[in-house]
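Colleague: return atomic coordinates for the entry below.
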Amino acid sequence: MNTLNKFARIRPVVAADFPVLEALAKEDDHQLIAPSHVVEKDGNIIGFLSIAQIPNVLMWLHTERATPRDAAAVANFFECWLLDRGARTFVVPCLETSPFFPYISQLDYVNIGKTNLFLKVPKE
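Modeller: Have a look, this model is predicted:
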């Protein structure tokens, strides 16, 4: 037995991977979102990575000074900016406590589930 098979291997995704990844992710109660790489171990797919495939928009608007209309105007700006640069999908994290949260789905955003975001600033 090749001991290298016991380690995870990461390779670029190919078209034939999409239906397999979608089925495996669904079976594991996850969604397939813009995979760029496949993670394999022991000859089996164990996951995927989506590295820099979807622009992530972080924004802050004052909870008392900004209105939902202001938020919609800001969203229109960054949507146009991203679309002009070729993006066709983007992610906008939004806390449930945000005043914008009740309105974001009205702008055709789909809630893809709860998650925690972690930021890392590599040490120099």
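
Colleague: any idea of the mean pLDDT in the lengthiest helix in the chain?
Modeller: Within the chain, and with DSSP state H defining each element, the longest helix by residue count is helix 68-84. The pLDDT scores in helix 68-84 average 95.

Colleague: next secondary structure after that helix?
Modeller: Later in the chain than helix 68-84, the nearest helix or strand by DSSP states H and E is helix 101-104.

Colleague: for that following helix, buried residues please.
Modeller: Within helix 101-104, the residues that qualify as buried by neighbour count (16 or more other Cβ atoms under 10 Å) are 103, 104. Backbone N, C-alpha and C define where each C-beta goes, glycine included.

Colleague: for it, give me every contacting residue.
Modeller: Contacts of helix 101-104 from elsewhere in the structure, counted by Cβ atoms under 8 Å, 6 or more residues apart in numbering, are 68, 71, 72, 92, 94, 95.

Colleague: got CSV for these, with distance to residue 78 and neighbour count too?
Modeller: Compiled in CSV, these are given as follows (distance: Cβ to Cβ, whole Å; neighbours: other Cβ atoms under 10 Å):
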residue, distance to residue 78, neighbour count
68, 16, 15
71, 11, 19
72, 11, 15
92, 8, 16
94, 13, 18
95, 18, 8
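
Colleague: show me which of those residues is closest to residue 39.
Modeller: In terms of Cβ to Cβ, no member of the contacts of helix 101-104 lies closer to residue 39 than residue 92, at 26.3 Å.

Colleague: one step back: for residue 40, state which of the contacts of helix 101-104 is nearest.
Modeller: residue 92 (31.5 Å).

Colleague: how about the nearest residue to the closest one, chain neighbours excluded?
Modeller: Using Cβ to Cβ, 6 or more residues apart in numbering and skipping residues adjacent in sequence, the residue nearest residue 92 is residue 57, 4.9 Å away.
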